[in-house]
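Undergrad: using only what follows, build the 3D model:
(one chain, ligands or ions: 1)
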Amino acid sequence: MHTILRSRTNEVVIDTEGPVVIIGESINPTRRKKLVETLSQYNFDFAIQLGKSQVDAGADVLDVNVGYPGVDDVALLPATVRAIQQEVDVPLCLDSPNPAAIEAALKVIEGKALINSVNGEEKSLEAVLPIAKEYGAAVIGLVMDDEGITQDPEKRLQIAEKILNRAIQAGISKEDVVIDPLAMAVSADPNACLVTLETIRLVHEKLGLNITQGASNISFGLPCREYLNNAHMTLSIWNGLTCPIANPAKITSVVRATDLVRARDDYAMRFVEHCQKQDN
Ligand code: THG
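TA: Purely as a prediction, here's the structure:
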């Protein structure tokens, strides 16, 4: 399964049989006061800097989230996208719960973006899928619905199937649906990671779709988060994760190592190149 994303001149293929694609998470105001301050003045220098440093650290795609209290995201998301795509030539992942903000950003985007996200709620399916079709974007489907979030992996798979079927009905091709199995904090629920891992395995096996996840969610509230994130990342990739949303400065090493171990990095080219960059 190939999900193709594009920037102005660059193409990224998320391939279920290929190496892992990293979606950089850092253009996100959560706990980044400086990003809120600069974005609210429509100053994009810091956002661009975060974009460039993530690409240097191994990001193939950049998640762009401008959500903070009181934001006019219908104006700010397209303005941010416009500024970033002028300076950083990688595809973008438009991260907003507001379909109007997503649509405004799609109007200015060059290439083919990834919408983050739709979910199984009727309201979300009806609002987001027509937009994805109209602008030719790919879309992330979160496996939750009008009944909330289930802890049963089989039920999460059913929601993924429903999102896929509704997308196909809306005229979107199967390749352009990427599933998010919902990664949640293991500090709050000892089964959280297992449920996610099993959902990944089922979606991979039964639907064959590309799969993303917010890779640092699982370690909220715990020390030594990197160890946990790395363990979960390796197991997730083994089960079928293909395009995590993560901090590339921290995750690229384990991603490159896992690709090599799985024979998805011929002659260890990408692993060695990454290590040389790290100077070790
Ligand atoms: N699924 C989908 N989209 C998502 C998420 C998801 N978008 C938002 C979020 N979850 C993923 N993005 C972030 C962005 C920033 C942070 C966490 C997730 C963050 N990180 C800590 C920080 O910067 O202090 C620590 C990160 C680290 O460096 O390890 O704030 O689940 N579809």
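Undergrad: which SS class is residue 250?
TA: Following DSSP: H, G, I helix; E, B strand; the rest coil, the label given to residue 250 is helix.
Undergrad: so what's it closest to, chain neighbours aside?
TA: residue 226 (5.8 Å; CB to CB, 6 or more residues apart in numbering). Placement of C-beta: from N, CA and C, glycine included.
Undergrad: ok, the residue in the stretch 151-280 of the chain positioned nearest to the ligand - how many residues close by?
TA: The minimum distance from the stretch 151-280 of the chain to the ligand, using CB to the nearest ligand atom, falls at residue 214 (2.2 Å). Number of residues near residue 214 (other CB atoms under 10 Å) recorded here: 19.
Undergrad: what pLDDT does residue 279 get?
TA: If you check residue 279, the pLDDT there is 71.
Undergrad: what number of residues lie near it?
TA: With other CB under 10 Å as criterion, residue 279 counts 5.
Undergrad: ok, it - contacts?
TA: Counting by CB atoms under 8 Å, 6 or more residues apart in numbering, residue 279 touches no other residue.
Undergrad: wouldn't residue 255 be in contact with residue 58 here?
TA: Yes: when contacts are counted by CB atoms under 8 Å, residue 255 is listed as touching residue 58 (7.3 Å).
Undergrad: quick one, which of these two is more surrounded?
TA: Looking at residue 255 and residue 58 with other CB under 10 Å, you find the greater number of neighbours at residue 255, namely 26 against 20.
Undergrad: residues contacting residue 55?
TA: Contacts of residue 55 by CB under 8 Å, 6+ apart are 24, 62, 88, 90.
Undergrad: repeat the analysis, applying 6 Å as the threshold.
TA: residue 90 (CB atoms under 6 Å, 6 or more residues apart in numbering).
Undergrad: how much space between it and residue 81?
TA: 16 Å (CB to CB, to the nearest Å).
Undergrad: please apply the same query to residue 27.
TA: 10 Å.
Undergrad: try residue 126
TA: 24 Å.
Undergrad: which one's more surrounded, the two?
TA: Higher neighbour count among residue 126 and residue 81: residue 81, with 25 against 13, using other CB under 10 Å.
Undergrad: roughly how far out does the one helix or strand that one maps to sit from the chain middle?
TA: Secondary structure assignment for residue 81, by DSSP states H and E: helix 73-87. From the chain centre to the centre of helix 73-87 is a distance of 18 Å (CA atoms, centre = their mean, to the nearest Å).
Undergrad: and the average pLDDT for the next helix or strand after that helix is what?
TA: Counting by DSSP H and E, the next helix or strand C-terminal to helix 73-87 is strand 92-95. In this model, strand 92-95 has an average pLDDT of 98.
Undergrad: just the CA coordinates for strand 92-95, please, in PDB.
TA: The C-alpha trace of strand 92-95 is given here as PDB (Å, rounded to 0.1, in the frame of the first residue of the first chain):
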ATOM      1  CA  LEU A  92       2.600  18.700   5.400                       C
ATOM      2  CA  CYS A  93       0.200  17.100   7.800                       C
ATOM      3  CA  LEU A  94      -2.600  19.500   8.700                       C
ATOM      4  CA  ASP A  95      -3.400  18.900  12.400                       C
END
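Undergrad: return the set of buried residues in it.
TA: For strand 92-95, the buried set under the neighbour-count rule, 16 or more other CB atoms under 10 Å, comprises 92, 93, 94, 95.
Undergrad: same for that strand, what does it pack against?
TA: Using 3 or more CB pairs under 6 Å, 6 or more residues apart in numbering; DSSP states H and E, the elements in contact with strand 92-95 are strand 61-64, strand 114-119.
Undergrad: got TSV for those, with mean pLDDT and mean neighbour count too?
TA: Compiled in TSV, the helices and strands packed on strand 92-95 are given as follows (pLDDT from 0 to 100; neighbours: other CB atoms under 10 Å):
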stretch	mean pLDDT	mean neighbour count
strand 61-64	98	26
strand 114-119	98	25
